[in-house]
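> structure for the following, please:
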Amino acid sequence: MEHSVKLEVKELRKIFNKQEILSNINFTVNEGEFLSILGPSGCGKTTILRILVGLLPPTSGQILKDGEDITFLPASKRNMGIVFQNYALFQNMSVLGNVEYALKFHKDLKKRSGEIARGVIEDVGLIEHINKKPHRLSGGQQQRVAIARTLALNPEIILFDEPMSALDADMRLILREEIKNIQRKFNSTMIYITHDQEEAFALSDRIMVMDYGEIKQLDTPEEIIANPSNDYVREFVLENLRKKIDSLVKYVKPEVSRNSMLSGVWEKIDSFVKNKKAGAQ
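This is a model prediction of the structure:
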């Protein structure tokens, strides 16, 4: 099944203080696709996100959405939403107030802001907390409020800036499944910034592996496992995943971890681990 290209990035470069942060970045994102940008701190992945959403201008290059050049379009005109790492909630407002807030600035949505906000809050499973303020919510619940606030504006593309880095392991697993379920329900196009290999493999249709401002590989999780493009991808992605799995296998039965702890990652790298072990014997 063919999917139309929703976003296209061409020859994107960014220079700060004479240092090249991004070097000739080229990629596309399809309609309804979940793309993870995976890399260590300082590799340029958050810079890409800020340029895409319109918070930072590129030094050169082009960004097309549905074929239209949006490279220097203001952020408010791009119809993209962003979920930040720190939630960025108004502490003096309820869940409903936070989700409804941005809607009140859109003349086409203002009259229906309460109805839209309540519907999205229900979609993310927070209807019973609708009148609570953020300090009465868990970290995972606060993150869901941030996601609901973004969904309420019905953006064409949703960008996530490492949204689970402040959450504990159990909550990350729960929220990971919820994000994927939301994507399926709304058929959203999502771009997800992360340094966590397991997270990227569990969520993504494709993964863009980065280092030092360059794309090292852009492929499906299965293809990255089968054919890593170079030693960096092999070490940063596959070896790190293998180490995580090997540490868990000592204590957890494989069939248990398949259903819970690794939440979909196991199936994608199980064959890789078996081949590595066979090769070591």
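> secondary structure class of the residue nearest the centre of the chain, three-state.
In the chain, the centroid-proximal residue (CA atoms, centre = their mean) is Tyr192; its distance is 1.7 Å. Following DSSP: H, G, I helix; E, B strand; the rest coil, the label given to Tyr192 is strand.
> hmm, Lys45 and it touching each other?
No: with contact defined as CB atoms under 8 Å, Tyr192 does not reach Lys45; the gap is 9.8 Å. C-beta: built from backbone N, CA, C; applies to glycine.
> spit out the contact partners of Met80.
Counting by CB atoms under 8 Å, 6 or more residues apart in numbering, Met80 makes contact with 52-54, 155-159.
> between these, which is closest to Leu238?
Minimum distance to Leu238 across those is 26.3 Å, recorded for Leu159 (CB to CB).
> re earlier: for Thr46, see how far away the residue nearest to the centre of the chain is.
12 Å (CB to CB, to the nearest Å).
> relative to Phe186, which of the contacts of Met80 is nearest.
Set against Phe186, the nearest of these by CB to CB is Ile158 (8.9 Å).
> and stretch 152-162, what's buried?
Residues 152-153, 155, 157-162 are the ones in stretch 152-162 that count as buried (16 or more other CB atoms under 10 Å).
> same check, this time on stretch 102-119
Quick answer for stretch 102-119 (16+ other CB under 10 Å): 102-103, 109, 113, 116-118.
> report the distance from that stretch to the chain centre.
From the chain centre to the centre of stretch 102-119 is a distance of 25 Å (CA atoms, centre = their mean, to the nearest Å).
> ok, and what's touching it?
Against stretch 102-119 from outside (CB under 8 Å, 6+ apart): 96, 99-100, 127, 130, 148-149, 152-153.
> would you put the C-alpha positions of that stretch in PDB?
Extracted in PDB, the C-alpha atoms of stretch 102-119 (Å, rounded to 0.1, in the frame of the first residue of the first chain):
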ATOM      1  CA  ALA A 102      -5.100  27.200  22.900                       C
ATOM      2  CA  LEU A 103      -8.500  26.500  21.300                       C
ATOM      3  CA  LYS A 104      -9.800  29.900  22.600                       C
ATOM      4  CA  PHE A 105      -7.400  31.700  20.300                       C
ATOM      5  CA  HIS A 106      -8.800  30.100  17.100                       C
ATOM      6  CA  LYS A 107     -11.900  31.800  16.000                       C
ATOM      7  CA  ASP A 108     -13.200  28.700  14.200                       C
ATOM      8  CA  LEU A 109     -12.800  26.600  17.300                       C
ATOM      9  CA  LYS A 110     -13.500  29.000  20.100                       C
ATOM     10  CA  LYS A 111     -17.200  28.300  20.400                       C
ATOM     11  CA  ARG A 112     -16.700  24.600  20.500                       C
ATOM     12  CA  SER A 113     -13.500  24.700  22.700                       C
ATOM     13  CA  GLY A 114     -15.200  23.000  25.700                       C
ATOM     14  CA  GLU A 115     -16.700  20.200  23.600                       C
ATOM     15  CA  ILE A 116     -13.500  19.600  21.700                       C
ATOM     16  CA  ALA A 117     -11.400  19.600  24.900                       C
ATOM     17  CA  ARG A 118     -13.700  17.200  26.700                       C
ATOM     18  CA  GLY A 119     -13.700  14.800  23.700                       C
END
